[in-house]
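J.: Whatever this is, show me its structure:
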Amino acid sequence: MSELLRLARYWGYRIATAESCTGGLVAAALTDVAGSSDMFDRGFVTYSNQAKIDMLGVSPEVLAEFGAVSEPVAAAMAEGALAHSAADLAVSTTGIAGPGGSEFKPEGRVCFGLALRGKPVLVETVEFGALGRDKVRHAARDHALGLLIRAMR
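T.: Prediction:
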């Protein structure tokens, strides 16, 4: 975390998070660091589809077409976090931590969005597998933090 803080200070970036399946774990990890107010602007926990629409401006049509656990929704969440904050960099998480899932959207699938102001949004999906709810959520948190670090290197 100290590297993330150092890089954000170096580039002068403020960070926002838009989280669904991680339920605020990314924001909590960022704010656990002393001095994080230099880099952290705000976090959105948008667990329901309606929260994604209301707080981040995610299109109901995109949610209906692709479902909440999808790269288009992860991208829209990251873009929405930038649009509704003073941040320069935003990361989003949306996935199925478990238990459950389906043949098409299995447990452990998490979609990530990474938005840097003025650049195209990057998205990726990671299949963590059926590790159990807690482990999937923490693995997704760690992956999101890694995305933020890589974006600033």
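J.: Ends of stretch 46-66, what's the gap?
T.: With CA to CA, to the nearest Å as the measure, the ends of stretch 46-66 fall 17 Å from one another.
J.: actually stretch 62-81, sorry about that
T.: Between the opening and closing residues of stretch 62-81 we find a distance of 16 Å, counting by CA to CA.
J.: Return the set of buried residues in it.
T.: For stretch 62-81, the neighbour count (16 or more other CB atoms under 10 Å) marks 62-63, 66, 68-81 as buried. (Glycine included, C-beta is placed from N, CA and C.)
J.: Quick one: residues in contact with that stretch.
T.: Contacting residues not belonging to stretch 62-81 are listed as 16-18, 20, 44, 46, 49, 52-53, 55-59, 87, 90-96, 105, 109-115, 121, 123-125 [CB atoms under 8 Å, 6 or more residues apart in numbering].
J.: Mind jotting down where the strands sit in the protein?
T.: Under the criterion DSSP state E, the chain contains strands at 15-19, 40-45, 89-95, 109-116, 122-127.
J.: Where do the helices of the protein begin and end?
T.: 2-11, 25-31, 49-56, 60-66, 71-83, 133-152 (DSSP state H).
J.: and the first one, how far from the chain's centre?
T.: For helix 2-11, the distance from its own C-alpha centre to the chain's C-alpha centre is 18 Å (CA atoms, centre = their mean, to the nearest Å).
J.: Also the last one?
T.: Distance of helix 133-152 from the chain centroid (CA atoms, centre = their mean) equals 8 Å.
J.: still on that earlier bit, out of the strands of the chain, nearest to Val33?
T.: For the strands of the chain, proximity to Val33 was assessed by CB to CB; strand 40-45 is nearest, at 8.6 Å.
J.: Name the residues that touch that closest one?
T.: Against strand 40-45 from outside (CB under 8 Å, 6+ apart): 14-20, 23-24, 26-27, 30-31, 51, 55-56, 77, 80-81, 84-87.
J.: Can you go through those residues and name the buried ones?
T.: Neighbour-count burial (16+ other CB under 10 Å) applied to the contacts of strand 40-45 gives 14-20, 23, 26-27, 30-31, 55-56, 77, 80-81, 84-85, 87.
J.: got the contact list for the residue located most distally from the centre of the chain?
T.: The outermost residue of the chain, judged by C-alpha distance from the chain's mean C-alpha position using CA atoms, centre = their mean, is Glu103 at 23.7 Å. By CB under 8 Å, 6+ apart, the contact set of Glu103 is empty.
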